[in-house]
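[1] got a predicted model here, sequence first, then my questions.
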Amino acid sequence: MSKKKVVVGMSGGVDSSVAAYLLKEAGYEVTGVTMQIWQKEPEEEISANGGCCGMSAAEDAARVAQMLEIPHYVMNFRDEFKEKVIHYFMEEYLAGRTPNPCIACNRYVKWESLLNRSLMIGADFIATGHYARVEKLENGRYAIRRSATAAKDQTYALYNLTQEQLARTLMPVGEYEKPQIRRIAEQIGLPVAHKPDSQEICFVPDRDYAGFIEKNSGRTIPTGNFVTADGQVLGTHKGITHYTIGQRKGLNLSMGHPVFVTEIRPETNEVVIGEAQEVFTDRLTCNHLNFMSVRDIPDEMRVTAKIRYNHAGAPAIVRRVSEDVAEVVFDAPVRAVTPGQAVVFYDGDYVAGGGTIL
């Protein structure tokens, strides 16, 4: 029986490097692929800020592949990344929402594009260094399961993968904790054993999202009014791309006490300011639904719902409102429900599904 072939997405970091090693040890025929998704920014800037997809990342991945004695290739996905991730990121901010580009990148680039190309070259699976686990459940469906380490769990950013993608996906790192992964890398002499994790959004290494959008969208972002919910003008904002729900810092409003962004109104170019309690709500609606451990929501489903990557999750009931809209009602109010972000439903350790907050 021939070995199963797996293409490992190698970012040059320790997690994907050890993933390739673990799969080779498990008897797979492993090929490493680094996805070239960067556009035209200076390489030294990308590297200095921990970017995961520049030429230095490809060089690190190639060194690891050579040590592991596996083939390594660089595949160009710049066009897919520009359309599905960068364009989406800019359009969402310009519409007053706060996107999660990593979720879009996972769904449409790291899985859809990489998987399709990998299948074309004869692979049976693709694999990544994500801290998550893929399991086939008794009901026949594939689902993402929380990783062995809560500290590094990355299931939130993977809720949007399809059944077809999950059936072809391996995530060997999900069974380990980060220190264990670094220790394995040390033991086998990988040069990236102590390489820092990449931080923030890879294509905006200086974290100036508003500056990136203005530079790359070709649009001047106009200033506008800070207002109260009832329309009282409080001051002038720098442009809606500078703000997100729940934000307190950087408002430059002298109110005598802390105030927060409670709403962004792109149609009137207003940023609504309110008190701390106004940032809390006990419900949200979401669309662009995707289901994993369940085929669909029954009349209503008891879940733990996460509303952002670093949110611990909160008990809630989710029910369908229409064909592609669901309502989530929390047991207790949660802070800063943000349009454009994902809400992910957990059934115990498994991702039941999720959607985009409206």
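    Here it is on my side, so go on. Numbering: from 1, shown residues only.
[2] show me the strands in the stretch 251-358 of the chain, by range?
    260-265, 270-274, 280-291, 301-306, 314-322, 325-335, 342-347, 350-357 (DSSP state E, counting those that start in this stretch).
[3] out of those, which is closest to Leu119?
    Comparing the strands of the stretch 251-358 of the chain by their distance to Leu119 (Cβ to Cβ), the top pick is strand 280-291, with 21.1 Å. (Each C-beta comes from the backbone N, C-alpha and C, glycine too.)
[4] so for the closest one, mean pLDDT?
    Averaged across strand 280-291, pLDDT comes to 98.
[5] mind listing what's buried in that strand?
    By neighbour count on 16 or more other Cβ atoms under 10 Å, the buried set for strand 280-291 is 284-286, 289-291.
[6] can you list the strands that it pairs with?
    Sheet pairing of strand 280-291 (DSSP bridges) gives strand 325-335 (antiparallel), strand 350-357 (antiparallel).
[7] which of the ones you listed sits most buried?
    Each of the strands paired with strand 280-291 was given a mean neighbour count from mean count of other Cβ atoms under 10 Å, and the largest, a mean of 24, is that of strand 350-357.
[8] quick revisit: looking at the strands of the stretch 251-358 of the chain, which is nearest to Leu94?
    strand 260-265 (10.8 Å).
[9] the closest one - contacts with which helices or strands?
    Packing partners of strand 260-265 (3 or more Cβ pairs under 8 Å, 6 or more residues apart in numbering; DSSP states H and E): strand 270-274.
[10] how about residues contacting the strand it packs on?
    By Cβ atoms under 8 Å, 6 or more residues apart in numbering, the surrounding residues in contact with strand 270-274 are 224-229, 234, 237, 240, 243, 251, 253, 255, 259-265.
[11] that strand vs strand 260-265, what angle?
    Orientation of strand 270-274 against strand 260-265 (axes from the mean of the first three to the mean of the last three Cα atoms, to 10 degrees) gives an angle of 150 degrees.
[12] ok, and the closest non-adjacent residue to Asp349?
    Arg146 (4.5 Å; Cβ to Cβ, 6 or more residues apart in numbering).
[13] count the residues that sit near that neighbour.
    19 (other Cβ atoms under 10 Å).
[14] isn't Arg107 right up against Leu161?
    Yes. With contacts defined as Cβ atoms under 8 Å, Arg107 counts as touching Leu161 at a distance of 6.3 Å.
[15] more neighbours, those two?
    Leu161 (25 against 20).
[16] how about the contacts made by Glu92?
    Glu92 neighbours (Cβ under 8 Å, 6+ apart): 98-99, 340.
[17] rerun at 6 Å
    Neighbour list for Glu92: 99, 340 [criterion: Cβ atoms under 6 Å, 6 or more residues apart in numbering].
[18] give me the buried entries from the contacts of strand 270-274.
    Neighbour-count burial (16+ other Cβ under 10 Å) is assigned, among the contacts of strand 270-274, to 224-227, 234, 237, 240, 243, 251, 259-264.
[19] which one of the residues you listed is nearest to Arg78?
    Among those, and counting by Cβ to Cβ, the member closest to Arg78 is Ile240, at 28.2 Å.
[20] count the neighbours of Tyr73 for me.
    Using other Cβ under 10 Å: Tyr73 sits among 15 other residues.
[21] should've said Ser16
    25.
[22] next, it: secondary structure please.
    The local conformation at Ser16, judged by DSSP: H, G, I helix; E, B strand; the rest coil, is helix.
[23] hmm, Val7 and it touching each other?
    No. Taking contacts as Cβ atoms under 6 Å, Ser16 lies outside contact range of Val7: 11.4 Å.
[24] now do the buried residues in the helix or strand where Leu166 lies.
    For Leu166, the element it lies in under DSSP states H and E is helix 163-167. Residues 165-166 are the ones in helix 163-167 that count as buried (16+ other Cβ under 10 Å).
[25] which other helices and strands contact it?
    When contacts are defined as 3 or more Cβ pairs under 6 Å, 6 or more residues apart in numbering; DSSP states H and E, helix 163-167 sits against strand 142-146.
[26] okay, the strands paired with strand 280-291 in a markdown table with mean pLDDT next?
    A markdown table is the format used below for those (pLDDT from 0 to 100):
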| stretch | mean pLDDT |
| --- | --- |
| strand 325-335 | 98 |
| strand 350-357 | 98 |
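[27] what's the closest of these to Tyr309?
    Nearest to Tyr309 among the strands paired with strand 280-291 is strand 350-357 (12.2 Å), distances taken as Cβ to Cβ.
[28] got the contact list for the closest one?
    143-145, 155, 159, 284, 286-294, 303, 339, 341-345.
[29] ok, now which ones touch Phe266?
    No, residue 266 isn't Phe; it's Pro. By Cβ under 6 Å, 6+ apart, the contact set of Pro266 is 95-96, 240.
[30] can you rerun that using 8 Å?
    The neighbours of Pro266, taking Cβ under 8 Å, 6+ apart as the test, are 94-96, 240.
[31] what's it sitting at in phi/psi?
    phi -60, psi -30 (degrees, to the nearest 10).
[32] quick check, pLDDT for the residue nearest to it when sequence neighbours are not counted.
    Once flanking residues are discounted, Pro266 sits nearest to Gly96: 3.7 Å by Cβ to Cβ, 6+ apart. As predicted, Gly96 sits at a pLDDT of 97.
[33] how about Glu267?
    At Glu267, the pLDDT recorded in the model is 96.
[34] helices along this protein, start to end?
    With helices called from DSSP state H, the chain shows them at 14-25, 43-48, 55-68, 78-81, 87-94, 101-104, 114-120, 163-167, 178-187, 209-217.
[35] what's the most buried one of those?
    Among the helices of the chain, helix 14-25 has the highest mean neighbour count (mean count of other Cβ under 10 Å), at a mean of 24.
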